[in-house]
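K.L.:
From the sequence below, what's the structure:
(one chain, ligands or ions: 1)
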Amino acid sequence: MIEIATQLIDRLRQAERVTVLTGTGVARESGVPTVRETMVGEWAGYDIVDLATQQGFIRNPRLVWEWYAYRRAIIEQCQPSASHYALVDLEQYFEQFLLITQNIDGLHWRSGSRDLVELHGSIMRTRCFECGTYYTSWAEDESIPPICGRDGGYLRPDVVWLGEGHPKHELSRAYRGVAQAQVFLSVGTTAQVQPAASLPLVAKRAGAVVVEINPEETALAVIADYWLQGEACEILPELIRQLTT
Ligand code: APR
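P.N.:
Numbers count the residues shown, from 1 in each chain. Modelled structure (predicted):
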């Protein structure tokens, strides 16, 4: 039995602007392995700096490309979960809705969420290391990494590597959505890593009701108005059921 406070359901019914932050907990429900879980077998001997930094890419672009290709192939076999689909439904329910994710698996996009900020980018896109041109499809059979059609630079995954800044435009969309939110939901994240860590604080300061959905208590407990304890794939559909009945 999932207990959701009627005051929270009432607040959501009245709300016009809702922002959601998701993290690894949601990806796990779809079976997406963590970075650490992919550093096994032939990848076990590498340091994350070899695989997920600009320096690593400059040193050995083929190695980095192949590690991401291996991870992409795993993720392509994963399916969006009930949480992903519930968040698509929530997007339809509110006048203004923004979904911010720290996940790079592209599953929110695949399931149909469109008001979406992928804070750490997406493994399903690439961009030219030199000129920045984006690609959502590319040939895998010739050069490794594939080459940009514009200037011949190597393509790299469109994800935020260690030591890189977050895309400014996406970051400001995220902060705007959070500052305007009347209800802010943190789902499946410990929100310890910046910039995600500051988002619940910004929401709280701006007067939003802050809700955490997580089986475990996190540092967010200090400021959260509600903690819905449990798995997102159970709680989110139940939240929608109660909202719409
Ligand atoms: N439903 C909801 N929450 C869950 C579930 C679930 N089914 N399963 C696990 N969780 C919770 C855990 O209890 C934990 O609090 O998800 C949270 C995952 O926390 P982290 O592993 O710290 O991941 P996250 O907060 O997303 O931060 C890691 O930083 O390294 C970067 O980009 C990387 O996105 C990653 C982020």
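
K.L.:
Show which residues not belonging to stretch 4-16 make contact with it.
P.N.:
18, 94-96, 182-183, 209, 211, 225-226, 228, 235, 238-239, 242-243 (C-beta atoms under 8 Å, 6 or more residues apart in numbering). No exception for glycine: its C-beta is placed from N, CA and C like everyone else's.

K.L.:
what about burial for those, which qualify?
P.N.:
18, 94, 182-183, 209, 211, 225-226, 228, 235, 238-239, 243 (16 or more other C-beta atoms under 10 Å).

K.L.:
Excluding chain neighbours, what is closest to Gln180?
P.N.:
Leaving aside its sequence neighbours, Gln180 sits nearest to Arg17 (C-beta to C-beta, 6 or more residues apart in numbering; 5.1 Å).

K.L.:
For that neighbour, give me its contacts.
P.N.:
94-97, 180-183.

K.L.:
Let me see the domain layout of the chain.
P.N.:
What automatic domain parsing lists as the domains of the chain is 6-32+79-120+166-244, 33-77+121-159.

K.L.:
in the protein, which spans are strands?
P.N.:
Using DSSP state E, the strands of the chain run over residues 17-22, 96-101, 116-118, 121-128, 134-135, 155-159, 183-187, 209-214, 226-229.

K.L.:
Run me through the strand neighbours of the fourth one, direction for each.
P.N.:
Read it as strand 121-128. Strand 121-128 pairs in its sheet with strand 134-135 (antiparallel), strand 155-159 (antiparallel), by DSSP bridges.

K.L.:
got the residues of the chain near the ligand?
P.N.:
Contact residues, the chain versus the ligand (C-beta under 6 Å from any ligand atom): 23-25, 28-29, 102-103, 120, 188-193, 213-216, 218, 231-232.

K.L.:
Which of those residues fall in helices?
P.N.:
Among the residues of the chain next to the ligand, DSSP state H puts 24-25, 28-29, 232 in helices.

K.L.:
nearest to the ligand, of those?
P.N.:
Using C-beta to the nearest ligand atom, Gly25 is the member of those that lies nearest the ligand, at 2.4 Å.

K.L.:
The closest one: how many residues sit nearby?
P.N.:
Each residue near Gly25 was counted by other C-beta atoms under 10 Å, and the total is 21.

K.L.:
what's the pLDDT at it?
P.N.:
pLDDT for Gly25: 98.

K.L.:
and the gap between it and Cys233?
P.N.:
10 Å (C-beta to C-beta, to the nearest Å).

K.L.:
try Leu21
P.N.:
Where Cys233 is concerned, Leu21 sits at a distance of 17 Å (C-beta to C-beta).

K.L.:
what about these two, which has more around it?
P.N.:
Neighbour count, other C-beta under 10 Å: between Leu21 and Cys233, Leu21 has more, with 28 against 19.

K.L.:
How about the contacts made by the more buried one?
P.N.:
100-102, 184-187, 189, 191, 196, 199-200.

K.L.:
Could you export those residues to JSON lines, including columns for neighbour count?
P.N.:
JSON lines is the format used below for these (neighbours: other C-beta atoms under 10 Å):
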{"residue": "Ile100", "neighbour count": "28"}
{"residue": "Thr101", "neighbour count": "30"}
{"residue": "Gln102", "neighbour count": "22"}
{"residue": "Phe184", "neighbour count": "27"}
{"residue": "Leu185", "neighbour count": "29"}
{"residue": "Ser186", "neighbour count": "28"}
{"residue": "Val187", "neighbour count": "23"}
{"residue": "Thr189", "neighbour count": "27"}
{"residue": "Ala191", "neighbour count": "22"}
{"residue": "Ala196", "neighbour count": "22"}
{"residue": "Leu199", "neighbour count": "26"}
{"residue": "Pro200", "neighbour count": "26"}
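
K.L.:
circling back to that earlier point, could you dump the buried ones among the contacts of stretch 4-16 into JSON lines with distance to Glu42 and pLDDT added?
P.N.:
Converted to JSON lines, these look like this (distance: C-beta to C-beta, whole Å; pLDDT from 0 to 100):
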{"residue": "Val18", "distance to Glu42": "43", "pLDDT": "98"}
{"residue": "Phe94", "distance to Glu42": "45", "pLDDT": "97"}
{"residue": "Gln182", "distance to Glu42": "49", "pLDDT": "98"}
{"residue": "Val183", "distance to Glu42": "45", "pLDDT": "98"}
{"residue": "Val209", "distance to Glu42": "47", "pLDDT": "98"}
{"residue": "Val211", "distance to Glu42": "42", "pLDDT": "98"}
{"residue": "Asp225", "distance to Glu42": "47", "pLDDT": "98"}
{"residue": "Tyr226", "distance to Glu42": "45", "pLDDT": "98"}
{"residue": "Leu228", "distance to Glu42": "40", "pLDDT": "97"}
{"residue": "Ile235", "distance to Glu42": "38", "pLDDT": "98"}
{"residue": "Glu238", "distance to Glu42": "42", "pLDDT": "97"}
{"residue": "Leu239", "distance to Glu42": "42", "pLDDT": "97"}
{"residue": "Leu243", "distance to Glu42": "47", "pLDDT": "96"}
